[in-house]
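Novice: build me a structure from this.
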Amino acid sequence: MLKIHFSGEDILRTRVAPAADPVWELVLSLHVLRGRTRDPLTANWRRNVTSALRQDAAAEQLSLLFALNPPRGYFPDFLTPYASVEGFEAGLDALRRTPPELLHRDLSVLATETQLPSSATALARGEVSALHHLAESMEQYRSLAISPYWSRIQAAVAADRTRRARALLDGGVEGLLTSFRPAMHWESGVLEVRSYPHSRELHLDGRGLLLVPSFFCAAIPVALLDPALPPVLVYPVDRLGGLVSADAGGALASGAARESLAALLGRTRAAVLQASDEGCTTGEVARQLNISAAAASQHATVLRNAGLLVSHRERNSVLHTLTPLGRAMLDA
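Specialist: Numbers count the residues shown, from 1 in each chain. Coordinates of the predicted model:
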């Protein structure tokens, strides 16, 4: 179990990352790609990426990146610098500037659990060329495995942020932290991750906590090993039906599927879809459209079954947000 201890100051400084973190998604996707779990929502992505890697003549340049990210267990903290909250380039710039002592420490920990290639030796010494090679490998892998699917990843994270924003508005930061049940449990100033594989205690000491919603995070939230680093907790989001590439998603939205879905929508259901653009509860939909709560719930159910909405129960209400397909329909 992981126990994260909050002071009053920590509660004030806790926040949710503003968008999907491209470096965290890249690193965690490597674990999904090589893991044993056969999640149907990522199965098509795994097949496509594996095929792309086989066809890429330069794929052998990724060997160090794969070695640093074993399917299970520890992976180095330096791979996911705090600066990545500002974007991919900011994260890579921070990675290139990683101090040699941190590289040596993290790689020494990793070497106790997995065999590293000879190229890791130069990286552990902090050689600039090795750091730049690693950054280039991450860019190469991103172009194959992340960029074609980025809009779907962003949509899933945006839907989760809408859900957390509502929890924050309704109950403050404590309401936000309570909203993570059952994966996490908040009580008396302590956030517990009960399924965490190791027994750990993390004291925030006034620094607050950055909560990072992630598409590729598995069922168990992830924290950095080094307690001296800015505190981060990465947690899984609803994957909203899995991944398709941006091109495939566009074809789906603009082809026969769009026509059949458009035939499904009458004026009221189109209004329900519009109301859910920024997240809306069943009661709020009913009030906005001047219809009964039962009618609002029925329309939302039809839209959800068509793959246009995703719904989450929060205490006594149900929050509806758009799926990527729902947003495509709304923007069509």
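
Novice: domain map for the chain?
Specialist: Following automatic domain parsing, one finds the domains of the chain at 2-18+151-236, 22-149, 246-331.

Novice: tell me where the stretch 201-332 of the chain has strands.
Specialist: 210-214, 222-223, 232-236, 280-281, 309-314, 317-322 (DSSP state E, counting those that start in this stretch).

Novice: now do the same contact list for the spatially most central residue of the chain.
Specialist: In the chain, the centroid-proximal residue (CA atoms, centre = their mean) is residue 214; its distance is 1.0 Å. Residue 214 sits next to 20-21, 24-25, 28, 157, 222, 234-237 when contact means CB atoms under 8 Å, 6 or more residues apart in numbering. All C-beta atoms are positioned from the backbone trio N, CA, C, and that covers glycine.

Novice: same deal with residue 36?
Specialist: Residues near residue 36 by CB under 8 Å, 6+ apart: residue 71.

Novice: for it, helix, strand, or coil?
Specialist: Counting by DSSP: H, G, I helix; E, B strand; the rest coil, the backbone at residue 36 sits in coil.

Novice: gap between the nearest residue to residue 66 once chain neighbours are set aside and residue 280?
Specialist: Nearest in space to residue 66, with sequence neighbours left out and distances taken as CB to CB, 6 or more residues apart in numbering, is residue 30 at 6.7 Å. Distance from residue 30 to residue 280, counting by CB to CB, to the nearest Å: 36 Å.

Novice: repeat that for residue 101.
Specialist: Distance from residue 101 to residue 280, by CB to CB: 50 Å.

Novice: what's the local residue count around the closest residue to residue 73 other than its chain neighbours?
Specialist: Distances taken as CB to CB, 6+ apart put residue 113 closest to residue 73, at 5.3 Å, once the chain neighbours are dropped. By other CB atoms under 10 Å, the residues close to residue 113 number 12.

Novice: got the contact list for residue 113?
Specialist: Contacts of residue 113 (CB under 8 Å, 6+ apart): 70, 73-74.

Novice: nearest residue to residue 325 in space, please, no chain neighbours.
Specialist: Leaving aside its chain neighbours, residue 325 sits nearest to residue 307 (5.1 Å; criterion: CB to CB, 6+ apart).

Novice: do residue 92 as well
Specialist: Excluding the flanking residues, the one nearest residue 92 by CB to CB, 6+ apart is residue 135, at 4.8 Å.

Novice: confirm that that neighbour sits in a helix.
Specialist: Yes - assessed by three-state DSSP, residue 135 belongs to a helix.

Novice: residues near it, how many?
Specialist: 17.

Novice: now the one 4 residues further on
Specialist: Burial measure for residue 139: 14 neighbouring residues, criterion other CB under 10 Å.

Novice: any idea which helix or strand carries the closest residue to it other than its chain neighbours?
Specialist: Once flanking residues are discounted, residue 139 sits nearest to residue 92: 7.3 Å by CB to CB, 6+ apart. Per DSSP states H and E: residue 92 is located in helix 88-96.

Novice: next SSE after that helix?
Specialist: Downstream of helix 88-96 (by DSSP H and E), the next one is helix 100-111.

Novice: that next one: what's the following helix or strand?
Specialist: Next helix or strand after helix 100-111 toward the C-terminus (DSSP H and E): helix 119-124.

Novice: give the other helices and strands that that next one contacts.
Specialist: For helix 119-124, the contact count by 3 or more CB pairs under 8 Å, 6 or more residues apart in numbering; DSSP states H and E identifies helix 63-67, helix 100-111, helix 128-145 as packing neighbours.

Novice: select, out of these, the one closest to residue 43.
Specialist: Among the helices and strands packed on helix 119-124, helix 128-145 comes nearest to residue 43, with 14.2 Å by CB to CB.

Novice: okay, buried residues for that closest one please.
Specialist: Buried positions in helix 128-145, judged by neighbour count with 16 or more other CB atoms under 10 Å: 130-131, 133-135, 137-138, 140-142, 144-145.

Novice: tell me how far it is from the chain's mean position?
Specialist: Helix 128-145 sits 21 Å away from the centroid of its parent chain (CA atoms, centre = their mean, to the nearest Å).

Novice: just send the buried residues of helix 128-145 back as a markdown table, with pLDDT too.
Specialist: Formatted as a markdown table, those follow (pLDDT from 0 to 100):
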| residue | pLDDT |
| --- | --- |
| 130 | 94 |
| 131 | 95 |
| 133 | 94 |
| 134 | 96 |
| 135 | 96 |
| 137 | 95 |
| 138 | 96 |
| 140 | 94 |
| 141 | 95 |
| 142 | 95 |
| 144 | 92 |
| 145 | 94 |
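
Novice: what's around the nearest residue to residue 302 once chain neighbours are set aside, how many residues?
Specialist: Distances taken as CB to CB, 6+ apart put residue 269 closest to residue 302, at 6.6 Å, once the chain neighbours are dropped. By other CB under 10 Å, the residues close to residue 269 number 17.

Novice: could you pull up the residues touching residue 269?
Specialist: 299, 302-303.

Novice: buried ones among these?
Specialist: Buried subset of the contacts of residue 269 (neighbour count, 16+ other CB under 10 Å): 299, 303.

Novice: residue 55: which of the contacts of residue 269 is nearest?
Specialist: Residue 55 has its nearest neighbour among the contacts of residue 269 in residue 303, at 38.7 Å by CB to CB.
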